[in-house]
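In: Based on what follows, work out the 3D shape:
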Amino acid sequence: MGRALVLGGGGITGVAWEIGMLCGLRELGVDLTDAELIVGTSAGALVGAQVATGVDPEQRYAAQLAPPDGEAAAALGRGALVQLVLAAVAGGRDPQRMRARIGRFARRARTGPAAERVAVFARRLPVHEWPQRDLRVTAVDAHSGERVVLDRNSGVPLVEAVAASCAVPGVWAPVSTGGRSLVDGGLCSPANADLAAGYEQVVVLAPIVRGIGPMIGAGPQVAALRAQGARVAFVSPDAEALAAIGRNVLDPAQRPAAARAGRAQAAAAVAGIADVWERVGDEGRR
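Out: Below you'll find the predicted structure:
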């Protein structure tokens, strides 16, 4: 098959960094927005949905640079953080059991109504219909801990799929849709890059690389894709971008710096990405 773009999770600043990277790369001659497959997890689900539905990345980049305008930073409270850690530990070495425990915590946590978050994503997605392009949005069943992959054939509205993928346990409520209660797709993997299996050319942009406990990190999934014969470019925030992102990935005040850092990092990443992204035969036309 052809080319796949994998966009990992990473909160508000992850959205900004990914959009900055996409804009910087396109400015340098590599346009990742024409991928045949887009896999989006959490922050990457929002960016992926915007890309797949034809939203101009430069428009979204400008939005990242705008002041937060009263938008407060979200974060887990100390008590909720302790409960989340205990839920993860109680899951032992079984990833699905761990996710189910965290899902139970998410269902019991005191958060705002899910409808408010769905409304937020309705405003951030100019197009509410699934694209014809293959867009896969990841989430986790809050009861079973099973990974759920949502697409245009899933019966779940696009806005609700993206909201579910971004439903950080203990911060935002699970989203009930398609007969399931769903939480953040990042609980399964920071990027879910394994969903690009079978594609020959893959670019993975992963604001967060490591998983929690027995969760599979982005690195091993990239290694598996390469072992299957895929050409893969794997990019995560460099030192400057990490400093710009800061400690709280849910802080909108860090959004402009993260976006600028992603755009700046594109210059160092473009050569490796271009080598992967070129179609067969393009080498002679450089």
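In: Now do the contacts for the residue nearest the centre of the chain.
Out: Against the mean C-alpha coordinate of the chain, by CA atoms, centre = their mean, the closest residue is Gly44 at 2.4 Å. Residues near Gly44 by CB atoms under 8 Å, 6 or more residues apart in numbering: Val6, Leu7, Gly8, Gly9, Gly10, Gly14, Glu18, Ala191, Leu205. (C-beta placed from N, C-alpha, C; glycine too.)
In: got a markdown table for those, with secondary structure too?
Out: Supplementary listing: the contacts of Gly44 in a markdown table, determined by DSSP: H, G, I helix; E, B strand; the rest coil:
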| residue | secondary structure |
| --- | --- |
| Val6 | strand |
| Leu7 | strand |
| Gly8 | coil |
| Gly9 | coil |
| Gly10 | coil |
| Gly14 | helix |
| Glu18 | helix |
| Ala191 | coil |
| Leu205 | strand |
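In: May I have the strands that pair with the longest strand that the chain contains, each with its orientation?
Out: When every strand of the chain is counted residue by residue (DSSP state E), the longest turns out to be strand 134-141. Strand 134-141 has the following strand partners under DSSP bridges: strand 37-41 (parallel), strand 147-150 (antiparallel), strand 180-184 (antiparallel).
In: quick revisit: let's see if you can find the most crowded of the contacts of Gly44.
Out: Sorting the contacts of Gly44 by how many neighbours each has (other CB atoms under 10 Å) puts Ala191 first, at 36 neighbours.
In: which non-adjacent residue is nearest that one?
Out: When the adjacent residues along the chain are set aside, Ala191 lies closest to Gly8, with 3.5 Å between them (CB to CB, 6 or more residues apart in numbering).
In: Repeat that for Gly20.
Out: In this structure, Gly20 finds its nearest non-sequential neighbour in Gly262, 2.7 Å apart by CB to CB, 6+ apart.
In: quick one: which helix or strand includes the one you found?
Out: In this assignment (DSSP states H and E), Gly262 forms part of helix 255-277.
In: From the rest of the structure, what touches stretch 247-255?
Out: 10-16, 64-65, 68, 71-75, 168, 171, 207-208, 244-246.
In: By neighbour count, sort out the buried ones in those residues.
Out: Neighbour-count burial (16 or more other CB atoms under 10 Å) is assigned, among these, to 10-16, 64, 74-75, 168, 171, 207-208, 244-245.
In: what's the lowest-pLDDT member of these?
Out: Model confidence across these bottoms out at Ala75, which has 71.
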